[in-house]
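>>> fold the following and give me the result.
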Amino acid sequence: QVQLVESGGGLVQAGGSLRLSCAASGRTISRFAMGWFRQAPGKEREFVSAINWSGSSTYYADSVKGRFTISRDNAKNTVYLQMNSLKPEDTAVYYCARHIVSTAVPGASHNEYRYWGQGTQVTVSS
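Numbering: from 1, shown residues only. Modelled structure (predicted):
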């Protein structure tokens, strides 16, 4: 069993930055791709970013490309999401998740991910 705990959310003005962390415990995540998703009120959960197991490949939704950076530190069992140039439309609960299959290339479907954190709120004011 893997437990994922997100942190780093908060309230920030448009144009500001936040760095989210996702700390894993219970079992290592080092052989699994990791993803970040978000869900705004009244909307479906949407893909934000993913990183392969080694950190050599990263993937982004078009809406965050060039503004967000995903990274990981397998020694610390932690994944990060650096969010710059934040916009009000980035406001959502952000979740991290571990891919189902070891060493698989991550996709954007939430069905590919099994373990989820409880989420951290990000609010961007205009």
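>>> which residues does the closest residue in space to Gln13 that isn't next to it in sequence contact?
Closest residue to Gln13 apart from its sequence neighbours, by Cβ to Cβ, 6 or more residues apart in numbering: Ser125 at 5.4 Å. C-beta coordinates here come from the backbone N, C-alpha and C atoms, glycine included. Residues near Ser125 by Cβ atoms under 8 Å, 6 or more residues apart in numbering: 11-14, 88.
>>> please apply the same query to Ala92.
Here Ala92 is in contact with 38-40, 43, 121-122 (criterion: Cβ under 8 Å, 6+ apart).
>>> strands of this structure, start to end?
3-7, 10-13, 18-25, 32-39, 46-51, 58-60, 68-73, 78-83, 92-102, 113-116, 120-125 (DSSP state E).
>>> ok, now how distant is Ala50 from Arg114?
Per Cβ to Cβ, to the nearest Å, Ala50 is found 14 Å from Arg114.
>>> ok, these two, which is more surrounded?
The residue with more neighbours, out of Ala50 and Arg114, is Ala50; 25 against 12, by other Cβ atoms under 10 Å.
>>> identify the bridge partners of the residue nearest to Lys43 when sequence neighbours are not counted.
Leaving out its chain neighbours, the residue that sits closest to Lys43 by Cβ to Cβ, 6+ apart is Ala92, at 7.8 Å. On the basis of DSSP bridges, Ala92 is bridged to Val122.
>>> state the pLDDT value of the closest residue to Val5 other than its chain neighbours.
Closest residue to Val5 apart from its sequence neighbours, by Cβ to Cβ, 6+ apart: Ala23 at 5.1 Å. pLDDT for Ala23: 98.
>>> again, but for Val101
In the predicted model, Val101 carries a pLDDT score of 89.
>>> how close does it sit to Tyr113?
In terms of Cβ to Cβ, Val101 sits 10 Å off from Tyr113.
>>> who's more crowded, the two?
In terms of neighbours (other Cβ under 10 Å), Tyr113 is the more surrounded of Val101 and Tyr113; the figures are 22 against 13.
>>> how far away is the residue nearest in space to the middle of the chain from Arg27?
Nearest to the mean C-alpha position of the chain, counting by Cα atoms, centre = their mean, stands Trp36 at 2.3 Å. Distance of Trp36 to Arg27, computed by Cβ to Cβ: 19 Å.
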